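Visitor: could you look at this predicted model? Sequence included:
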Amino acid sequence: MPMQSPQDLFIHELSCMHAFEQQNVQMLQQMLQEVKDPTARQPIEHHLEETREQVTLLEQCFQSLGQQPQQVTVATAQGMKQDHDTFVKMQPSPELLTMYNLGAASKTEHLEVAAYRTLINMATVMGQKEIVRTLRQILNQEEDAVNELEAASRQLGRQQIPQLMKQVA
């Protein structure tokens, strides 16, 4: 399908985030299977709930536009999954895998924050006020998720890194 208008670009980018969030649901579910520490599990569980909601909110944006999400491949999401799977093959200890997963989840959220800011700017210029409100709601959730994940990572790091350093010394 040829890209002809700013709305075409917006629909494409919105479709990319829809696909990205769907993949994120799968990754967060996998992380929950891998992470046992309650400090790390809590923000991942919380964001999994929000991510499921975000998929629904994005679908509402498409309905507002009278569109369906396009079938798109999001190479970034695939690459992040490949990075995770490669790390798991290195057989990290549960503590290191937990630290890795918190960092990976935080990286994902930062990427999403940037993407939603771009979508909000586009929707604002296009005069899509209701969609802007919905995207701002998602953006706020993403920013909160970054803060939660980074706080858990700091707390876990303070607890586990000194112990892990002693083990290798």
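Guide: Here it is on my side, so go on. Numbering: from 1, shown residues only.

Visitor: name the next helix or strand downstream of the helix or strand hosting C61, please.
Guide: Using DSSP states H and E, C61 sits within helix 38-65. Next along the chain after helix 38-65, taking DSSP H and E as the criterion, comes helix 75-89.

Visitor: which strands and helices sit next to that following helix?
Guide: Applying 3 or more CB pairs under 8 Å, 6 or more residues apart in numbering; DSSP states H and E, we find helix 75-89 packed against helix 6-34, helix 94-125. Using the backbone N, CA and C atoms, a C-beta is placed for each residue, glycine as well.

Visitor: between helix 94-125 and the longest helix anywhere in the chain, find me the angle.
Guide: Using DSSP state H, we find that the single longest helix of the chain is helix 129-168. Taking axes from the mean of the first three to the mean of the last three CA atoms, to 10 degrees, one finds helix 129-168 and helix 94-125 inclined to each other by 160 degrees.

Visitor: what about helix 129-168, average pLDDT?
Guide: Summarised as a single mean, pLDDT over helix 129-168 is 88.

Visitor: between that helix and helix 38-65, how many degrees?
Guide: Using the same axes, to 10 degrees, helix 129-168 lies at 160 degrees relative to helix 38-65.

Visitor: give the other helices and strands that helix 129-168 contacts.
Guide: Where contact means 3+ CB pairs under 8 Å, 6+ apart, helix 129-168 is packed against helix 38-65, helix 94-125.
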